[in-house]
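Participant: just the structure for this:
(one chain, ligands or ions: 1)
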Amino acid sequence: MSRDILVLDHLCKSFGPVEVTRDVNLVIREGERHALIGPNGAGKSTLFHLISGNYKPTSGSIRLDGDEIGGLDPARVNRRGLARSFQITNIFSGLSVAENLRLAVMRRYGLQFNFWRRVTHLRRVNAEVDDLLQKIRLTAKARSIAGDLPYSDQRSLEIGMTLASDPKVILLDEPMAGMSHEETEYTTDLIRDITAGRTLMIVEHDMDVIFTLADRITVLVYGEIIATGTPQQIRESARVKEAYLGEEAG
Ligand SMILES: Nc1ncnc2c1ncn2[C@@H]1O[C@H](COP(=O)(O)OP(=O)(O)OP(=O)(O)O)[C@@H](O)[C@H]1O
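Facilitator: Numbering: from 1, shown residues only. The predicted model follows:
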């Protein structure tokens, strides 16, 4: 039985009088791919902002691997082992693919100055970069300038940089936004590959992606969780159909 890696407990967030996150209780298990869905304005982004430290909870708690992270700033949350990828914001577009990955790997060793004196350690960084290049299928483009790559390759690189910190939990925020059907299929497959054995939370509007990728799905409506379950349970839930999926559920 896998352990609980991320636990949201009676989590609430209000902006003035408006309650946007309402008593959210959710347990993410280590190693699962968990999707968060819900209609526009349901509060998905707000929940991600709370988890990643961009927003402070009004009340309630967020525990990552047993430690309270609710209210910590994003850099601290990141150091505790939570990486969030949003579009292509972490990429240095003037650097090559390999240089971007190298920086991301080096950031993990950042403060250990002695580390850089040892050639063996540099070799270790190079090996990690090679491994990441392979995982994100960009080995052949290692020397290409990141900003010149097609958008979907830039998204792959961004996801690779998220992985470089070896996080306990990865949050992916609408990874397929702006992609063609082919790019979406490719990236879904890539995400499935590289998150094997890792814990993933994903917000995505494309229902085909969600239902192929997720082990479990949570449905948020008006800031409240109305259901959590396997794709099949969510597909069959009358409450979800009524509140959200409508005719799409078939
Ligand atoms: N900083 C803010 N101040 C006031 N209201 C906010 C703020 N951020 C979000 N909201 C409100 O909270 C609600 C939830 O927004 P949020 O962006 O979290 O929803 P979402 O599910 O991510 O939507 P979408 O699918 O459209 O991205 C919306 O009604 C929004 O107007």
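
Participant: which strands and helices lie in contact with the host helix or strand of L172?
Facilitator: If you go by DSSP states H and E, L172 is part of strand 169-173. Contact here means 3 or more Cβ pairs under 8 Å, 6 or more residues apart in numbering; DSSP states H and E; on that basis strand 169-173 packs against helix 44-52, strand 82-86, helix 151-164, strand 199-203. C-beta here means a position set from N, CA and C on the backbone, and glycine is covered the same way.

Participant: near the ligand at all, it?
Facilitator: No. For strand 169-173, no contact with the ligand is found by Cβ under 6 Å from any ligand atom; the gap never falls below 9.0 Å.

Participant: to L64, which of the helices and strands packed on strand 169-173 lies closest?
Facilitator: strand 82-86 (5.8 Å; Cβ to Cβ).

Participant: contacts for whatever helix or strand comes next after that closest one?
Facilitator: The C-terminal neighbour of strand 82-86 among helices and strands, as given by DSSP H and E, is helix 97-109. If you take Cβ atoms under 8 Å, 6 or more residues apart in numbering as the criterion, helix 97-109 is touched by 90-92, 95, 115, 121, 125-126, 128-129, 132-133, 138, 141-144, 146, 149, 157, 160-161, 164-166.

Participant: mind listing what's buried in helix 97-109?
Facilitator: Buried residues in helix 97-109, counted by 16 or more other Cβ atoms under 10 Å: V97, A98, E99, N100, L101, R102, A104, V105, M106.

Participant: again with stretch 78-92
Facilitator: Residues of stretch 78-92 classed as buried under the neighbour-count rule (16+ other Cβ under 10 Å) are N78, R80, G81, L82, A83, R84, S85, F86, I88, N90, I91.

Participant: OK, contacts around D153?
Facilitator: So D153 contacts L138, K141 (Cβ under 8 Å, 6+ apart).

Participant: ditto for V77
Facilitator: Contacts of V77 by Cβ under 8 Å, 6+ apart are I51, S52, G53, L64, I69.

Participant: just grab the bridge partners of the spatially most central residue of the chain for me.
Facilitator: Among the residues of the chain, the one closest to the centroid is L171, at 1.7 Å (Cα atoms, centre = their mean). Beta-bridge pairing for L171 (DSSP bridges): R84, M201.

Participant: if I read this right, it contacts H49, doesn't it?
Facilitator: No. Contact criterion Cβ atoms under 8 Å: L171 and H49 do not qualify, at 10.0 Å.

Participant: out of the helices and strands packed on strand 169-173, nearest to L190?
Facilitator: helix 151-164 (5.9 Å).

Participant: what's the mean pLDDT across the closest one?
Facilitator: Averaging pLDDT along helix 151-164 yields 91.

Participant: kindly calculate the angle that that helix makes with helix 97-109.
Facilitator: 20 degrees (axes from the mean of the first three to the mean of the last three Cα atoms, to 10 degrees).

Participant: just the CA coordinates for helix 151-164, please, in PDB.
Facilitator: Taking Å, rounded to 0.1, in the frame of the first residue of the first chain, the C-alpha atoms of helix 151-164 are listed here in PDB:
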ATOM      1  CA  TYR A 151       6.600  24.700 -28.800                       C
ATOM      2  CA  SER A 152       6.000  21.100 -27.900                       C
ATOM      3  CA  ASP A 153       9.800  20.400 -27.600                       C
ATOM      4  CA  GLN A 154      10.000  23.500 -25.400                       C
ATOM      5  CA  ARG A 155       7.300  22.000 -23.200                       C
ATOM      6  CA  SER A 156       9.200  18.700 -23.000                       C
ATOM      7  CA  LEU A 157      12.300  20.700 -22.000                       C
ATOM      8  CA  GLU A 158      10.400  22.500 -19.300                       C
ATOM      9  CA  ILE A 159       9.100  19.200 -17.900                       C
ATOM     10  CA  GLY A 160      12.600  17.900 -18.000                       C
ATOM     11  CA  MET A 161      13.800  20.800 -16.000                       C
ATOM     12  CA  THR A 162      11.100  20.100 -13.500                       C
ATOM     13  CA  LEU A 163      12.300  16.600 -13.200                       C
ATOM     14  CA  ALA A 164      15.900  17.700 -12.700                       C
END
